[in-house]
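Visitor: Okay, sequence plus prediction incoming.
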Amino acid sequence: MSFLIGEGMTGGYGGADILHDCTIAAEKGEIAVIVGPNGAGKSTAMKAVFGMLDIHTGRVMLDGEDITNLSPQARVAKGMAFVPQTSNVFPTMSVEENLEMGAFLRRDDIQITMDEVYDLFPILRDKRRQNAGELSGGQRQQVAVGRALMTQPKVLMLDEPTAGVSPIVMDELFDNIIMVARTGIAILMVEQNARQALNIANKGYVLVQGANRFTDTGEALMNDPEVRKSFLGG
Amino acid sequence: MEDLINAFLLLSNFVFVPAIAYGSQLALGALGVTLVYGVLRFSNFAHGDTMAFGTMVVILFTWWFQSMGINLGPLPTALLALPFGIAITALFLLGSDKIIYRFYREQKAAPVIYLIASVGIMFVLNGVVRFIIGPDDRRFADGERFIIKARAMKQFLGTAEGVSIKVSQGLTVVTAVIVVAALFWFLNKTRTGKSMRAFSDNEDLALLSGINPDKVVTVTWVLVAILATVAGTLYGLDKSFKPFTYFQLLLPIFASAIVGGLGNPLGAIAGGFVIAFSEIMITYPYKKFVAYVTPGDWQPEGLVQLLATDYKFAVSFIILLLVLLFRPTGIFAGKSV
């Protein structure tokens, strides 16, 4: 059984179902990537795993525990961290305060975790007194990921972390994400840049219209002629 | 030279000193409005009447203390009554939140619905205050009246003009500085204060970080009670207490908050002084001042007043309009209105 799994999820935002019997899983220390065309329900699938929309069929399990009925906040307390695609920082607060807010639920010393985040994203250490809203897109994404890591999560969920950043910054972010995964955290992310994302993925999920179309290792998906033709542009 | 000194003293006495005191009062009021806007995301039209309510409680306690012969010597007894006024106002605000605003929060209502609800609370408060203390002018200042008397200063300097500073004015500035410093320390240094700023910045992310929204709302109302009661009491000590005047204060207070940038505490303070100085400088009759600065004994025939004091609200209104037209986010770039 996978460490985190959303199994046979069917549901939506209240109206028609968006997800149809969709299954997404992530393992400790591994990167799982959800790709697919626009409107395939990639972000929706991830939000379903995080409890941000109702699924009437299916269940979500974390470390063998059924968390289907927990609120997103309760899932954070269980060790899940979520980085939204947009407005994922506190813009008028300094980088350091952003990280502090990430660790709001913790009562122990957060300095060690903060140093780890600064080691992972050295630029943030230099900018720690600056407001997050004044940073560049890539740096802001680093703050967002850093904030999520402050809870010392077991699962890190990223909704299009590279949206709107330059290719160089994108490579840097992917490197950072690999490093995070190496610390033993399970990573689940939705990516628009399917090719690059599958390159670093242990597991890939190709969604079409809210349902699983292909599921395999990142490498296998990259080599699958049908996936290449339909989703990776040849 | 002596004429110039006299001109300066004249302006200090009738413009600068009163404007600094009035500006401090507006700044405290605007801070309350801006906090509600930043954290709870609506324009609280009941703020003027919240100030009236808080001041009324302070007055009632002041009278009670006075009847028991308790006083603070040279300082007004109202200072002693202030904590009681704050406590009861906080209870009232938390009660109104529990009965009214919470309902709309659960519905995730649009800001305009909160605004209309706050207008309703404003009318209720309006009635409650008039019912308890009446619509008339109430004076409750006691103790010394002046820190510096104009006459003493004239004799000391040997000038024709002097500056008088009332106890209420000195007290206003000192109290405002203490309250503002404490507020900024709280918002910037404490865990709870930071969580309030986080909640104001990005509510969804604050919830994801485990910040408890109920606690943030409660703390905000308590801060609003402190700011409103202190601002109202200082204004009442400086001028006098009349429920209708407090209702009217809503315009300059909102103008201050918007001019500075809604949701931005620093802006609220700057806005308070901008409005206070504009209001007083535009309605001050400069006749004597002009006589001093022009050579010879010539005096202008008119009052050289740009606008009669009856129109002082027009000043805040025009500034408000100009800001909304040309810089909707205010001087310090708060949230766009």
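Guide: Okay, I see it.
Visitor: make it CA atoms for all contacts and neighbour counts henceforth
Guide: Fine.
Visitor: A:Met61 falls within a strand, correct?
Guide: Yes. Assessed by DSSP: H, G, I helix; E, B strand; the rest coil, A:Met61 belongs to a strand.
Visitor: Name whatever forms a beta bridge with it.
Guide: Taking DSSP bridges as the rule, A:Met61 bridges to A:Ile5, A:Asp66.
Visitor: as a whole number, average confidence for stretch B:301-313?
Guide: Averaged across stretch B:301-313, pLDDT comes to 89.
Visitor: let me redo that: stretch B:196-211
Guide: 92.
Visitor: Which helix or strand contains whichever residue of the stretch 51-200 of chain B sits closest to chain A?
Guide: Using C-alpha to the nearest C-alpha, the closest approach of the stretch 51-200 of chain B to chain A is made by B:Ala198 at 6.0 Å. B:Ala198 belongs to helix B:191-201 when assigned by DSSP states H and E.
Visitor: Look up the residues forming beta bridges with A:Tyr205.
Guide: Residues in beta-bridge contact with A:Tyr205 (DSSP bridges): A:Ile34, A:Thr215.
Visitor: you'd agree B:Ala90 is up against B:Ala225?
Guide: Yes. Contact criterion C-alpha atoms under 8 Å: B:Ala90 and B:Ala225 qualify, at 4.9 Å.
Visitor: contacts for the longest helix seen in chain A?
Guide: Counting residues, the longest helix in chain A under DSSP state H turns out to be helix A:167-182. Identification of contacts with helix A:167-182 by C-alpha atoms under 8 Å, 6 or more residues apart in numbering or on different chains yields A:28-31, A:120-121, A:138, A:142, A:161-162, A:187, A:197, A:200.
Visitor: Sheet partners, orientation included, of whatever helix or strand comes next after that helix?
Guide: Next in sequence after helix A:167-182, counting helices and strands by DSSP H and E, comes strand A:186-190. Under the criterion DSSP bridges, strand A:186-190 sits next to strand A:31-35 (parallel), strand A:155-159 (parallel) in its sheet.
Visitor: Just the buried residues of the first one, please?
Guide: What that stands for is strand A:31-35. For strand A:31-35, burial by neighbour count (16 or more other C-alpha atoms under 10 Å in any protein chain shown) applies to A:Ile31, A:Ala32, A:Val33, A:Ile34, A:Val35.
Visitor: Using a markdown table, lay out those residues together with pLDDT.
Guide: Listed next are these as a markdown table, based on pLDDT from 0 to 100:
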| residue | pLDDT |
| --- | --- |
| A:Ile31 | 95 |
| A:Ala32 | 96 |
| A:Val33 | 95 |
| A:Ile34 | 94 |
| A:Val35 | 91 |
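Visitor: Quick one: those residues as TSV, columns for distance to A:Tyr13 too.
Guide: Output for these, formatted as TSV (distance: C-alpha to C-alpha, whole Å):
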residue	distance to A:Tyr13
A:Ile31	27
A:Ala32	24
A:Val33	22
A:Ile34	19
A:Val35	20
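Visitor: of these, closest to B:Phe247?
Guide: Closest approach between the buried residues of strand A:31-35 and B:Phe247, by C-alpha to C-alpha: A:Ile34, at 56.8 Å.
Visitor: ok, now which ones touch that closest one?
Guide: Contacts of A:Ile34 by C-alpha under 8 Å, 6+ apart are A:Lys42, A:Leu188, A:Met189, A:Val190, A:Glu191, A:Gly204, A:Tyr205, A:Val206, A:Leu207.
Visitor: can I assume the second one is in contact with A:Val35?
Guide: Right, A:Leu188. No. Using C-alpha under 8 Å as the test, A:Leu188 is too far from A:Val35 to be in contact (11.1 Å).
Visitor: helices and strands around the lengthiest helix in chain B, which ones?
Guide: Ranked by residue count and defined by DSSP H, the top helix of chain B is helix B:213-238. Under the contact definition 3 or more C-alpha pairs under 8 Å, 6 or more residues apart in numbering or on different chains; DSSP states H and E, helix B:213-238 sits against helix B:17-35, helix B:47-67, helix B:78-96, helix B:167-189, helix B:191-201.
Visitor: how near is B:Phe16 to B:Val163?
Guide: Per C-alpha to C-alpha, to the nearest Å, B:Phe16 is found 10 Å from B:Val163.
Visitor: oh sorry, the question was meant for A:Ala45
Guide: Distance from A:Ala45 to B:Val163, by C-alpha to C-alpha: 71 Å.
Visitor: Now do the same contact list for B:Gln66.
Guide: Going by C-alpha under 8 Å, 6+ apart, the list of residues near B:Gln66 reads B:Thr77.
Visitor: try 7 Å this time
Guide: When the contact criterion is C-alpha atoms under 7 Å, 6 or more residues apart in numbering or on different chains, B:Gln66 has no partners at all.
Visitor: For B:Ser164, see how far away it is.
Guide: With C-alpha to C-alpha as the criterion, B:Gln66 and B:Ser164 are 27 Å apart.
Visitor: hang on, the earlier thing: who's more crowded, A:Ala45 and B:Val163?
Guide: A:Ala45 (30 against 21; other C-alpha atoms under 10 Å in any protein chain shown).
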